[in-house]
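A.B. asks: Fold the following and give me the result.
(one chain, ligands or ions: 1)
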Amino acid sequence: MSRIVFVDGAFVPEEEAMVSVFDRGFLFADAVYEVTSVLEGRFLDFDGHMARLKRSLGELGMEEPMSRDALFEIHRELIDRNGIREGCVYLQVTRGVADRDFLFPEGVAQTVVMFTQAKNFMGEKKGIRVVSSPDIRWKRRDVKTVQLLAASMAKTAAKKLGKDDAWLVEDGFVTEGTSSNTYIVTRKGRIVTRNLTNAILPGITRASVLKLAAEHKLEIEERPFTIAEAQEAAEAFVTSATSFVCPVVEIDGTELSGGAPGPIAMRLNQIYIEEGKKAGI
Ligand code: PDD
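C.D. replies: Residues are numbered from 1 along each chain as shown. Just a heads-up that it's a prediction; the model follows:
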C-alpha cells in the first residue's frame, strides 16, 4: 500500500510527491527535522518536539512554517489517512527552493514535508551491541538538521562489524549514539548521561525519561563519560523517539549486565510507555 504523504500544503500519494532539485534541503542540507512517535494512535512528547523544531529553525534564521496547532492537525491527519496506530511521523522544513548559492536566499517559501513510518515499539527488547566511533560531525549538534551523513556512515560501519550501532566519541568522551542519547548506570545505581551543550542533541525522549527517573527517585548525574567507564558500568542504554529506552548489552566487545537488558533500562522503558499512553495526545 502506498503511503499518503504531506508536501507543500497537500496530501498526496508518495509516488506523486515532488520536491525541486533546487531545494536547499537537497543541495545544502539546509533543513531541520523532527521525528515524533505514535503509540496507540497518540503522539508522545508532541509539544516537546514542536518546541525543539522552533528552536532549530530559530538557530538557522528560519521562520516557523505554521502554528503548532496547524502542524498537529497535519500530523493527526497523516496517521489517520495511513492507518498508523504505532510508528512515527517525520517532519522536515527546508529553507526552500532557490538557484544554487551559498548565501541564504531571501523571501523564498519553505518546503514542508511530512510522512509516516509504521513501527513496533512493544516487541521484546533484546538490547543492542555498539562500537565506538570518532564523532566527525559538525559543532552544532544541538540543532536538529538533516546533515546526517557522518551518523549514517558510523552506523553502517558498525553494521559491517556485525554490531547494531555506534557510540560517537569526541576528545575521549561519548557524545551520543548515531541517532540517540546515551546513558550508563553506575554500580551504585546512578544514571549518568552527558550534559546538554552544542555537542549533543537535546533529546526530547531524554528530557521525559530524566523527569520520570527523578520522579521514581532514581539519581541522575549529567556529565560526560568515557567508553572505559561505560564498559565498567552496571548497565547502559540509549533513548530516542524511535527506540524509547533501549538497553545496550555490549560496548566495544565488552558485555554489560551479563549480555542481557539491564533492569533499570527495562523499567524506565516501561515507565516511559505507561506515561506515554496516559499523556500522549
Ligand atoms: N533522532 N541524538 C541524535 C543525534 C538524534 O538523531 C536523536 C533522534 C536523538 C534523540 O532525540 P529524541 O529523543 O528527541 O528522538 C539524539 C531521530 C529519532 C532520528 O533521526 O530518526
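
A.B. asks: rest of the way, CA atoms for contacts and neighbours
C.D. replies: Fine.

A.B. asks: For Tyr183, give me the backbone phi and psi.
C.D. replies: Dihedral angles phi and psi of Tyr183 (degrees, to the nearest 10) take the values phi -140, psi 150.

A.B. asks: Please give the number of neighbouring residues around it.
C.D. replies: 29 (other C-alpha atoms under 10 Å).

A.B. asks: Retrieve the pLDDT associated with Met1.
C.D. replies: Note for Met1: predicted pLDDT of 63.

A.B. asks: My error: substitute Met122 in the last question.
C.D. replies: 87.

A.B. asks: Next, it: secondary structure please.
C.D. replies: Assigned with DSSP: H, G, I helix; E, B strand; the rest coil, Met122 falls in the coil class.

A.B. asks: Look up how far Arg81 lies from it.
C.D. replies: 22 Å (C-alpha to C-alpha, to the nearest Å).

A.B. asks: can you point me to the longest helix in the chain?
C.D. replies: helix 263-279 (DSSP state H).

A.B. asks: contacts for it?
C.D. replies: 39-40, 42, 44-45, 185, 208-209, 212-213, 235-237, 244-247 (C-alpha atoms under 8 Å, 6 or more residues apart in numbering).

A.B. asks: Which of those residues fall in strands?
C.D. replies: Leu39, Arg42, Val185, Glu235, Ala236, Phe237, Phe244, Val245, Cys246, Pro247 (DSSP state E).

A.B. asks: can you tell me which residues contact the fifth one?
C.D. replies: What that stands for is Ala236. By C-alpha under 8 Å, 6+ apart, the neighbours of Ala236 are Thr182, Tyr183, Ile184, Val185, Ala230, Pro247, Val248, Val249, Leu256, Gly262, Ala265.

A.B. asks: possible to save those as CSV with distance to the ligand and pLDDT?
C.D. replies: Listed next are the contacts of Ala236 as CSV, based on distance: C-alpha to the nearest ligand atom, whole Å; pLDDT from 0 to 100:
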residue, distance to the ligand, pLDDT
Thr182, 8, 98
Tyr183, 11, 98
Ile184, 15, 98
Val185, 18, 98
Ala230, 18, 98
Pro247, 14, 98
Val248, 15, 98
Val249, 19, 98
Leu256, 22, 97
Gly262, 20, 97
Ala265, 15, 97
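
A.B. asks: Give me the distance between Glu106 and Gly61.
C.D. replies: 11 Å.

A.B. asks: can you pull out the strands in the stretch 51-200 of the chain?
C.D. replies: 87-94, 111-118, 128-134, 165-170, 173-177, 181-185, 191-193 (DSSP state E, counting those that start in this stretch).

A.B. asks: Out of those strands, which is closest to Gly203?
C.D. replies: strand 181-185 (6.5 Å; C-alpha to C-alpha).

A.B. asks: just checking, what packs against the closest one?
C.D. replies: strand 173-177, strand 191-193, strand 235-240 (3 or more C-alpha pairs under 8 Å, 6 or more residues apart in numbering; DSSP states H and E).

A.B. asks: Would you check how far apart the closest residue to Lys54 other than its chain neighbours and Ala51 are?
C.D. replies: Once flanking residues are discounted, Lys54 sits nearest to Glu64: 6.4 Å by C-alpha to C-alpha, 6 or more residues apart in numbering. Separation of Glu64 from Ala51 (C-alpha to C-alpha) stands at 11 Å.
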